[in-house]
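> Show me the folded form of this:
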Amino acid sequence: MDFDMETGCLLALIVPGPGCICGFLGREKEYIIPFCDICQVGNDIILVDIKEKEVTENIKC
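Numbering: from 1, shown residues only. Next up is the predicted model:
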């Protein structure tokens, strides 16, 4: 989680990305989800509203 230290407000959730080589060498990247994009938080799921353009720009195969 990313907090604003002055106000105590939650700014974003930081989620680990996929592992490298079966997870032995750590992780390549993290996903930073701004709090304003979070729709609902449940016991085992977080629903996020993302823009399709942002996703396709960030995916590089």
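
> Which stretches in the chain count as helices?
In the chain, the helices defined using DSSP state H lie at 52-58.

> Which strand in the protein has the most residues?
Of all the elements of type strand in the chain, the one with the most residues (DSSP state E) is strand 10-16.

> Kindly format the C-alpha coordinates of it as CSV.
Extracted as CSV, the C-alpha positions of strand 10-16 are listed here (Å, rounded to 0.1, in the frame of the first residue of the first chain):
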residue,chain,number,x,y,z
LEU,A,10,-4.4,5.6,0.8
LEU,A,11,-3.0,6.6,-2.6
ALA,A,12,-2.5,3.2,-4.3
LEU,A,13,-2.2,-0.6,-3.9
ILE,A,14,1.1,-2.2,-5.1
VAL,A,15,0.6,-5.7,-6.3
PRO,A,16,3.6,-8.0,-7.2
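
> residue ranges with poor pLDDT in this structure?
Residues of the chain meeting the criterion pLDDT under 70: 19-28, 52-61.

> Which parts of it are strands?
Listed in chain order, the strands of the chain (DSSP E) span 2-3, 10-16, 30-34, 38-41, 46-48.

> Could I get the ones you listed in JSON lines, plus columns for mean neighbour count?
For glycine as for every other residue, the C-beta is placed from the backbone atoms N, C-alpha and C. Formatted as JSON lines, the strands of the chain follow (neighbours: other C-beta atoms under 10 Å):
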{"stretch": "strand 2-3", "mean neighbour count": "12"}
{"stretch": "strand 10-16", "mean neighbour count": "13"}
{"stretch": "strand 30-34", "mean neighbour count": "13"}
{"stretch": "strand 38-41", "mean neighbour count": "10"}
{"stretch": "strand 46-48", "mean neighbour count": "12"}
